[in-house]
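>>> sequence and predicted structure below; questions after.
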Amino acid sequence: MLLSRTELMGWGVAVLLVCCMGAVVAHGPFHARFTANPSGRTYTSPNQASSHSLAIYTAAGKEIGRYVPATLHVHPGDSIVVQNSSNAPHSVTAKDGTFNLRLISPGGSATLPAPTKKGTYPYICIFHQYMKGTIVVQ
C-alpha cells in the first residue's frame, strides 16, 4: 500500500509538529515547572506566601542565645518557622507589640505569620532581653 503525495505531506507535517512540540516542552517555559531545581532555591510569585526559617542557638557552655539569621527578610503574610535549638526557653517578641511568640521550649518550634505591613520590626527574647533580631517586611 503506497501513500499519495498528499498523505505523505500530511504525515510529514504531523511528525514535524510533534517534534516541535516536544522541543518546546523540553526546553521552553514549561520545562522549569516540572524539573528538579538544582539550585535548591524556592521560586514564588509575588502574591504567593513563602516559608522562612529562624533558629535560636546557644553556644556550648554558654547561656546567651542568638537568633540566626539576626535579620530576616520576608514578604507580608509569609510564614516564619522558629526552631529553638538552644538549652533554654525563648520568645520572639516585637518591641512594638506587633507579634509575640511568648514561649518556645528547648527543642520546640512555633510558626509566626509575618506582619502584613511593610517595615522593619526589631524583636527581643522576653526571657533574655540582650537577644535581639530584626524582621524586615519588604
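Noted; the coordinates are in hand.
>>> neighbours around the residue lying closest to Tyr123 once chain neighbours are set aside, how many?
Nearest in space to Tyr123, with sequence neighbours left out and distances taken as CB to CB, 6 or more residues apart in numbering, is Ala94 at 4.9 Å. C-beta coordinates here come from the backbone N, C-alpha and C atoms, glycine included. Per other CB atoms under 10 Å, the neighbour tally for Ala94 reads 17.
>>> with Pro76 instead?
Using other CB under 10 Å, the number of residues around Pro76 comes to 14.
>>> from Ile64, how far out is it?
To Ile64, Pro76 is 32 Å away according to CB to CB, to the nearest Å.
>>> helix, strand, or coil at Thr6?
Per DSSP: H, G, I helix; E, B strand; the rest coil, the local secondary structure of Thr6 is helix.
>>> same thing with the one 3 residues further on?
Counting by three-state DSSP, the backbone at Met9 sits in helix.
>>> in this protein, which spans are helices?
In the chain, helices defined by DSSP state H lie at 5-27, 31-34, listed in chain order.
>>> those: lowest mean pLDDT?
Here the lowest mean pLDDT among these goes to helix 31-34, at a mean of 40.
>>> report the beta-bridge partners for the closest residue to Ala59 other than its chain neighbours.
Distance criterion CB to CB, 6+ apart; nearest residue to Ala59, sequence neighbours excluded, is Arg66 at 8.0 Å. Going by DSSP bridges, Arg66 is paired in beta bridges with Tyr57.
>>> any figure for the gap between Arg66 and Val137?
According to CB to CB, Arg66 and Val137 sit 21 Å apart.
>>> and if you look at Ser86?
The spacing between Ser86 and Val137, counted by CB to CB, is 25 Å.
>>> same question, Ser105
Relative to Val137, Ser105 is positioned 27 Å away (CB to CB).
>>> looking at these two, which one has more neighbours?
Shown here are Ser105 and Val137; by other CB under 10 Å, Val137 has more neighbours (19 against 11).
>>> any idea how many residues pack against Pro106?
Neighbourhood size, Pro106 [other CB under 10 Å]: 13.
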